[in-house]
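Engineer: Generate coordinates for the sequence data below:
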Amino acid sequence: MTKISSLCVYCGSRMPVNTAFSKAAKDLGHQLGGNNIQLVYGGGHVGLMGIIADATLEANGNVIGIIPGHLHDIEVSHENLTELHVVDSMHSRKQMMFERSDAFVVLPGGIGTLDETFEMITWRQLKLHDKPIILVNYQDYWGPFIDLMNHMIDQGFVEKEVFDLFEVVNSLEEILPTLERSPDAEIQPDVSKM
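Structural biologist: Below is the predicted model of the structure:
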């Protein structure tokens, strides 16, 4: 069983059309704060990113924001976090988010969320880490992503074992129990290869 004390959440920096996604981000933030699990995220104060950060803080949780300097103003950095790190690049941001987290959860988001998710799945496939990754298919948001994976499998570009690299849950209530059931990470990452 994996002890999760610091969770990286990937999610959108825009407000969604579906307000249920905003509520989901708020509920997850309250869960994290209420369970003494630190949130690691992209450092913005807008969209789902801002909602989950505010909710975690409301629940007396710690929040670590990591944002590159060129997005500091665009995404409007959250200035009331436990820690805010302004870094020199997207690569530095993703590396620090990885290093500060025990596991990854993916909420609805856009191409940035996809980029981060694919990178963590790829690193796990390459055995650069063995940290749990959970895709929250809330209201079937990630259904097309799962369909794409199956299409890549059908076309021979991906092995069916890709689905062993991440878990899919359909509700927020499944996240923490799924993380608790995850086996302890066995691979110590070689940061020089990332």
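
Engineer: Can you report how many residues neighbour residue 162?
Structural biologist: 17 (other C-beta atoms under 10 Å). (Glycine included, C-beta is placed from N, CA and C.)

Engineer: which residues sit in contact with it?
Structural biologist: By C-beta atoms under 8 Å, 6 or more residues apart in numbering, the contact list for residue 162 reads 121, 125, 149, 152, 153.

Engineer: could you redo the last one with a cut-off of 10 Å?
Structural biologist: 121, 122, 124, 125, 149, 150, 152, 153 (C-beta atoms under 10 Å, 6 or more residues apart in numbering).

Engineer: Can you add distance to residue 38, neighbour count and pLDDT and give those back as CSV?
Structural biologist: Shown next, in CSV, are the contacts of residue 162 (distance: C-beta to C-beta, whole Å; neighbours: other C-beta atoms under 10 Å; pLDDT from 0 to 100):
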residue, distance to residue 38, neighbour count, pLDDT
121, 22, 18, 97
122, 25, 12, 96
124, 21, 20, 96
125, 26, 14, 95
149, 30, 19, 97
150, 34, 14, 97
152, 34, 13, 97
153, 35, 15, 97
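
Engineer: Most widely separated two among the residues you listed?
Structural biologist: Across the contacts of residue 162, the longest distance by C-beta to C-beta is 18.6 Å; it joins 124 and 150.

Engineer: burial count for the closest residue to residue 89 other than its chain neighbours?
Structural biologist: Excluding the flanking residues, the one nearest residue 89 by C-beta to C-beta, 6 or more residues apart in numbering is residue 68, at 5.6 Å. Residues within reach of residue 68, counting by other C-beta under 10 Å, total 20.

Engineer: partner residues bridging residue 68?
Structural biologist: Here residue 68 sits in beta bridges with residue 87, going by DSSP bridges.

Engineer: Can you tell me how far it is from residue 156?
Structural biologist: 36 Å (C-beta to C-beta, to the nearest Å).

Engineer: ditto for residue 29
Structural biologist: Distance from residue 29 to residue 156, by C-beta to C-beta: 41 Å.

Engineer: what's the answer for residue 106, then?
Structural biologist: From residue 106 to residue 156 the distance is 26 Å (C-beta to C-beta).

Engineer: more neighbours, these two?
Structural biologist: Neighbour count, other C-beta under 10 Å: between residue 106 and residue 156, residue 106 has more, with 25 against 7.

Engineer: What score does that one have for pLDDT?
Structural biologist: Per-residue confidence at residue 106 stands at 98 (pLDDT).

Engineer: Backbone dihedrals for it, please?
Structural biologist: The phi/psi pair for residue 106 (degrees, to the nearest 10) reads phi -120, psi 120.

Engineer: Identify the residues contacting it.
Structural biologist: Contacts of residue 106 (C-beta under 10 Å, 6+ apart): 8-11, 113-114, 116-117, 120-121, 133-137, 141-142, 145, 166, 168.
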